[in-house]
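# Sharing a model that was predicted from the sequence below.
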Amino acid sequence: ELVESGGERVQAGSSLRLSCQASENSGYAMGWFREAPGKDREFVATIIWDGENTFYADSVKGRFTISGDNAKNSVALQMHELKPEDTAIYYCAVVMSYIDDPQRDYEYDFWGQGTQVTVSS
């Protein structure tokens, strides 16, 4: 089970920190995806535990930072300079074994219920 928290309604330019706790194994990698109204789910960021390599979508690079604690099965997403277009439901996901492209959502094995982030202008 994955449980996200931290979603809120904020003003543009604000910062927000999302957290995700996995009840068991944190797997090969943990990531964040988001789904805005009327749009497909899109990749946001992933951390691969081996070497703690991180990957970001171009739209959030430089503004968002993913971090985590493998031993505690947790991951966080620190978001700065939020924009109205960041408004979405943010989902945490875990992939249990190696994948060559962490941006592909269908590769992930377990998903949380999501947490709503709303950024007003």
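Perfect, I can see it now. Keep in mind that this is a model prediction, so the values were computed, not measured.
# contacts, neighbours, all on C-alpha from now
Noted.
# sec struct for the residue nearest the centre of the chain, please.
The residue lying closest to the centre of the chain (CA atoms, centre = their mean) is Trp32, at 1.9 Å. Put simply, Trp32 is strand when judged by DSSP: H, G, I helix; E, B strand; the rest coil.
# Quick check: it touching Ile48?
No: if you go by CA atoms under 8 Å, Trp32 and Ile48 don't touch, sitting 12.0 Å apart.
# Any idea how many residues pack against Lys103?
For the record, residue 103 is Gln, not Lys. Residues lying near Gln103 (other CA atoms under 10 Å) number 20.
# in a helix, that's where it is, yeah?
No: assigned with three-state DSSP, Gln103 falls outside any helix and is coil.
# tell me the contacts of it?
43-46 (CA atoms under 8 Å, 6 or more residues apart in numbering).
# So for stretch 112-119, mean pLDDT?
Averaging pLDDT along stretch 112-119 yields 98.
# Report the buried residues of it.
112, 114-119 (16 or more other CA atoms under 10 Å).
# and the residue sitting furthest away from the middle of the chain, how far is that from Glu8?
Centroid-distance maximum for the chain: Ser121 at 22.3 Å, with CA atoms, centre = their mean. Distance, Ser121 to Glu8, by CA to CA, to the nearest Å: 14 Å.
# what do you get for Met79?
In terms of CA to CA, Met79 sits 12 Å off from Glu8.
# and what of Ser19?
12 Å.
# ditto for Gly114
From Gly114 to Glu8 the distance is 12 Å (CA to CA).
# quick one: the strands in this structure?
Ranges of strands in the chain, per DSSP state E, are 2-5, 9-11, 16-22, 29-35, 42-48, 53-56, 64-69, 74-79, 88-95, 110-111, 115-120.
# which one of the ones you listed lies closest to Arg104?
With CA to CA as the measure, strand 42-48 is the member of these nearest Arg104 (7.3 Å).
# dump the residue contacts of Asp100.
Asp100 sits in contact with no residue, where contact means CA under 8 Å, 6+ apart.
# Show me what the closest residue in space to Met30 that isn't next to it in sequence is bridged to.
Excluding its sequence neighbours, the residue lying closest to Met30 (CA to CA, 6 or more residues apart in numbering) is Val94, at 4.5 Å. Beta bridges link Val94 to Met30, Phe110, judged by DSSP bridges.
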